[in-house]
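[1] What follows is a predicted protein model with its sequence.
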Amino acid sequence: MNMIIDFPGGARVDAHFGPFTVPTDQPAFGYQPDAPTPFATFLASIGTCAGIYVLGFCSQRGISAEGIRIVQSLEVNRMTGLISQVNLDIQLPADFPEKYKTAVIRAADQCAVKKHFEYPPQFSITTSTVPEPVAA
């Protein structure tokens, strides 16, 4: 899947793929952003991906996902300023079946975003010239 990243103005940087646009923005001195930062969007992808797997697990078993939520918290390495641990707490309603509590953790653990942390891709960054528009 290719994404087109463009710069619609200000500190905005948007990603376009298929029929979707993911807007991002960067706060600046005295400026309130119109969208989350790229890093916040990245972090949200972790919890929402786990959520998709939890939702699928519940759906397959006819369990309502109402009242379930995931609280994501981070631990940061003070020396590097980088995230050292991501914690996901799947908060279940009191009537959630006890026999599925361990299994719902295993479901969330299958998250594709998390798997890419375990086996990170290589990056290649190049430049090219924007193609000239075709005359009609």
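    All right, it came through fine.
[2] List the buried residues of stretch 78-87.
    Neighbour-count burial for stretch 78-87, counted by 16 or more other Cβ atoms under 10 Å, picks out residue 86. The C-beta positions use only the backbone N, C-alpha and C, and glycine is treated the same way.
[3] OK, contacts around the closest residue to residue 74 other than its chain neighbours?
    Spatial nearest neighbour of residue 74, excluding adjacent residues (Cβ to Cβ, 6 or more residues apart in numbering): residue 83 at 5.2 Å. Contact partners of residue 83, counting by Cβ atoms under 8 Å, 6 or more residues apart in numbering, are 74-77.
[4] Just give me the closest of the residues you listed to residue 12.
    Of all those, residue 12 sits closest to residue 74, with 25.0 Å by Cβ to Cβ.
[5] For that closest one, report the pLDDT, please.
    For residue 74, the pLDDT comes out at 96.
[6] picking up where we left off before, report the buried members of the contacts of residue 83.
    Here, 16+ other Cβ under 10 Å leaves nothing buried among the contacts of residue 83.
[7] pLDDT score assigned to residue 26?
    Looking at residue 26, the pLDDT reads 89.
[8] Contact partners for it?
    Residue 26 neighbours (Cβ under 8 Å, 6+ apart): 11, 13, 33, 37-38.
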